[in-house]
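Participant: turn this into a structure:
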Amino acid sequence: GSLHLPDFFLDVTLCRWLFLLTRYLQLFHPVTAVRQLCSGFYRHLHGQMAAIVDVYDALTADRVYSEGMPPNTALVKLVTWGSSYVNQELLQSFIHCVGIYPIGSVVSLSDARLDVVVESGKKDLLSPKIRIVFDSIKRQFLTPQDVDLSVKQKGEKIKIVSAVDPAKWRISPEAYLDHRTF
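Facilitator: Now for the predicted structure:
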């Protein structure tokens, strides 16, 4: 028998390749006629969605020739590149799905502890569920402790200060993730 692919798959795949082709043509052949010819292809909703995912993956994935950047840095790049590169409304939806600090990100807390994001914040993207794993002052690993930053805490409120490079602290985020999360 023949292989039958769902129409949606064919639609997304076709739009993805057409998007990449039009980006190439526009970057290397900035002729008005080429832009007009290609303009409809990359405006297709599925093509735009695939483009965001492709670019995000390209920025965050480790390659033989380069190391991927942290997820939050990739999101900042996508936002700063603006609407000339990706659909900003779809990008905001994508960020809402993956979170500002995507699952597996290592972040520094206001109390100098480091943690791994284990679940994106449902109501507040800046308040995900985290697993505290390292004390940066004492430079030692801790017994993992889960904290939901969206829940009111006793005492001083703990908050995320910044994302950090896990390699700098020799933290393997994958070791702290519940793989059923994916």
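Participant: can you give me the helices in this structure?
Facilitator: Assigned by DSSP state H, the helices in the chain fall at 7-28, 32-38, 45-60, 71-81, 88-98.
Participant: worst average pLDDT in these?
Facilitator: Mean pLDDT is lowest for helix 32-38 among the helices of the chain, at a mean of 46.
Participant: give the contact list for residue 129.
Facilitator: If a contact means CB atoms under 8 Å, 6 or more residues apart in numbering, then residue 129 has 117-119, 121, 146-150 as its contacts. (Each C-beta comes from the backbone N, C-alpha and C, glycine too.)
Participant: pull the most distant pair out of these.
Facilitator: Spanning the widest gap among these are 121 and 146, at 13.9 Å by CB to CB.
Participant: neighbour count for these two, which is higher?
Facilitator: Ranked by neighbour count (other CB atoms under 10 Å), residue 121 and residue 146 place residue 121 first, with 19 against 13.
Participant: ok, the more buried one - contacts?
Facilitator: 99, 127-129, 149-150.
Participant: likewise for residue 165?
Facilitator: 70, 106.
Participant: go again using 7 Å as the cut-off
Facilitator: Residue 165 is in contact with residue 70, counting by CB atoms under 7 Å, 6 or more residues apart in numbering.
Participant: from residue 110, how far off is it?
Facilitator: 19 Å (CB to CB, to the nearest Å).
Participant: which non-adjacent residue is nearest the most centrally placed residue in the chain?
Facilitator: Geometric centre of the chain, nearest residue: residue 71, 4.5 Å, by CA atoms, centre = their mean. Among residues not flanking residue 71 along the chain, residue 102 sits closest, at 4.2 Å (CB to CB, 6 or more residues apart in numbering).
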